[in-house]
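**Student:** what's the 3D shape of this:
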Amino acid sequence: MRLYRFLLLLPALALAACGDSRLPQLELTGNALGTMFKVVLVEPPQTLATDALEGDIVASLHNIDGLASTWRDDSELSLFNANPSIDWIVVSATFCDVLQQAIDVSRETDGAFDITVGPLVNLWGFGPDGQVLEPPTDEAITTAMQSVGFDKLETDCSDGLIRKASPSLYVDLSGWAKGYAVDEIARLLDANGLENYLIEIGGEIHVNGHNSENRKWAIAVEAPSTSERVPHAVLRVTDTSVATSGDYRNYFAYDGAHYSHTIDTRTGRPVTHDLAAVTVVNPSTAYADAMATALLVLGPEAGPSLATKLGIAGYFLVRNQTGIHEITTPVFDQLSAK
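**Tutor:** Predicted coordinates for the structure are as follows:
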């Protein structure tokens with residue numbers, strides 16, 4: 001199992017003294033999209049058909065897995081990747097819409113987020129092809145980069161059509177799918193009239209209303225450490241999503257060097273700067289997920305600059321000689337002040 005984002009949910013007991021005044025809550029958990037999902041419902045109505053709701057959640061996640069998984073040969077994404085045709089291909093409306101949304105973020109970040117990074121992800125051992133024991137050669141990287149570039153993927157969602165400019169184009173939606181799934185479950189809960197809830201899938205989180213202490217939800221941003229999992233900071237938020245991308249959990253080491261799973265498509269190599277983690281707060285979990293990846297790729301200077309320009313609530317953890325330096329955007333500061 002590979003988890004690309006890491007946020008810690010701190011339950012009420014982690015931030016407040018224990019007491020008996022908590023509101024009732026219901027927790028639903030399970031496996032989906034190659035990871036775990038959690039749904040916490042606070043003050044669920046007694047008339048709630050829990051089994052039916054859980055069935056709807058699992059069905060929705062199963063559908064998304066069948067849409068966007070690179071680990072399933074029969075997913076719509078895998079079938080597209082395996083098809084060498086450069087002609088227009090008919091796809092489902094949902095699949096086309098997901099691709100278009102992801103491409104929009106690629107354009108917004110000038111390719112720092114790029115769903116065609118798949119050949120490089122696989123080459124460096126972070127994809128379904130399995131891990132590698134040493135870095136690839138310069139020649140192999142150059143070859144893989146010839147098949148990378150979001151501008152090589154076209155969509156015509158009005159007619160449900162997509163096409164690739166190169167037969168070897170390989171789309172990887174791992175930086176979008178979990179966030180998209182969280183957003184879909186949020187829409188499902190909203191449709192069922194639920195107001196106070198948390199959804200978490202593989203570290204991507206959306207919260208609504210209040211927690212069991214009748215307060216904003218407490219989300220801990222993990223300290224960028226490879227040896228332990230402890231909170232670095234705690235965010236109190238509601239009616240929004242939180243996603244973090246870091247270079248410290250999914251990596252391999254070779255000859256004394258650290259190779260992160262976060263690949264910069266401009267170089268074909270894992271990022272090497274001092275930006276350890278980026279947290280983005282945004283109403284859309286999918287957008288927060290993708291933007292956290294993009295800002296991490298851009299690094300400790302260009303990342304905060306772009307986030308500020310786009311009006312994004314961003315929280316950056318940068319390594320320095322004395323430890324960790326924090327950088328925040330104006331929108332994040334406004335959020336923290338509320």
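
**Student:** which stretches of the stretch 201-338 of the chain form helices?
**Tutor:** Counting by DSSP state H, counting those that start in this stretch, one finds helices in the stretch 201-338 of the chain at the ranges 285-310, 330-337.

**Student:** for those, give me CSV that also has distance to residue 71, mean neighbour count and mean pLDDT.
**Tutor:** Glycine gets a C-beta too; all of them are placed from N, C-alpha and C. Shown next, in CSV, are those (distance: least, C-beta to C-beta, whole Å; neighbours: other C-beta atoms under 10 Å; pLDDT from 0 to 100):
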stretch, distance to residue 71, mean neighbour count, mean pLDDT
helix 285-310, 18, 24, 96
helix 330-337, 34, 14, 87
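
**Student:** would you reformat those helices as JSON lines and include distance to residue 275?
**Tutor:** What follows is the helices of the stretch 201-338 of the chain, written out as JSON lines (distance: least, C-beta to C-beta, whole Å):
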{"stretch": "helix 285-310", "distance to residue 275": "4"}
{"stretch": "helix 330-337", "distance to residue 275": "15"}
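
**Student:** could you say which one of those comes nearest to residue 167?
**Tutor:** Nearest to residue 167, of all the helices of the stretch 201-338 of the chain, is helix 285-310, at 25.8 Å by C-beta to C-beta.

**Student:** got the angle between the closest one and helix 330-337?
**Tutor:** Between helix 285-310 and helix 330-337, the angle comes out at 110 degrees (axes from the mean of the first three to the mean of the last three C-alpha atoms, to 10 degrees).

**Student:** helix 285-310 packs against which elements?
**Tutor:** helix 93-108, helix 177-191, strand 204-208, strand 240-246, strand 275-282, strand 313-320 (3 or more C-beta pairs under 8 Å, 6 or more residues apart in numbering; DSSP states H and E).

**Student:** contacts only, for the residue nearest the centre of the chain.
**Tutor:** Geometric centre of the chain, nearest residue: residue 289, 3.4 Å, by C-alpha atoms, centre = their mean. Contacts for residue 289 (C-beta atoms under 8 Å, 6 or more residues apart in numbering) come out as 5, 175, 176, 178, 179, 204, 243, 245, 280.

**Student:** which one of the residues you listed is nearest to residue 333?
**Tutor:** Out of the contacts of residue 289, the member with the shortest distance to residue 333 (by C-beta to C-beta) is residue 280, at 14.1 Å.

**Student:** I'd say that closest one and residue 243 touch.
**Tutor:** Yes: between residue 280 and residue 243 there is a contact under C-beta atoms under 8 Å: 5.5 Å.

**Student:** need the overlap of contacts for these two.
**Tutor:** Taking C-beta under 8 Å, 6+ apart as the criterion, residue 280 and residue 243 both touch 288, 289, 291, 292.

**Student:** I'd like those as JSON lines, with distance to residue 221 appended.
**Tutor:** Shown next, in JSON lines, are the shared contacts of residue 280 and residue 243 (distance: C-beta to C-beta, whole Å):
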{"residue": "288", "distance to residue 221": "13"}
{"residue": "289", "distance to residue 221": "15"}
{"residue": "291", "distance to residue 221": "15"}
{"residue": "292", "distance to residue 221": "11"}
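
**Student:** farthest pair within those?
**Tutor:** Using C-beta to C-beta, the shared contacts of residue 280 and residue 243 span at most 7.4 Å, a distance reached by 289 and 291.

**Student:** between these two, what contacts are shared?
**Tutor:** Contacts common to residue 289 and residue 291, judged by C-beta under 8 Å, 6+ apart, are 243, 280.

**Student:** go through the shared contacts of residue 280 and residue 243 and name the one nearest residue 85.
**Tutor:** residue 289 (29.6 Å).

**Student:** now do the nearest residue to the closest one once chain neighbours are set aside, the pLDDT please.
**Tutor:** Spatial nearest neighbour of residue 289, excluding adjacent residues (C-beta to C-beta, 6 or more residues apart in numbering): residue 179 at 3.3 Å. You'll see residue 179 listed with a pLDDT of 95.

**Student:** what do you get for residue 265?
**Tutor:** 89.

**Student:** grab the nearest non-local neighbour of it.
**Tutor:** Nearest non-adjacent residue to residue 265 (C-beta to C-beta, 6+ apart): residue 114, at 4.7 Å.

**Student:** with residue 121 as the reference, measure out to the one you found.
**Tutor:** Separation of residue 114 from residue 121 (C-beta to C-beta, to the nearest Å) stands at 10 Å.

**Student:** same check, this time on residue 153
**Tutor:** Computed as C-beta to C-beta, the residue 153 to residue 121 distance reads 16 Å.

**Student:** ok, now residue 173?
**Tutor:** Computed as C-beta to C-beta, the residue 173 to residue 121 distance reads 11 Å.
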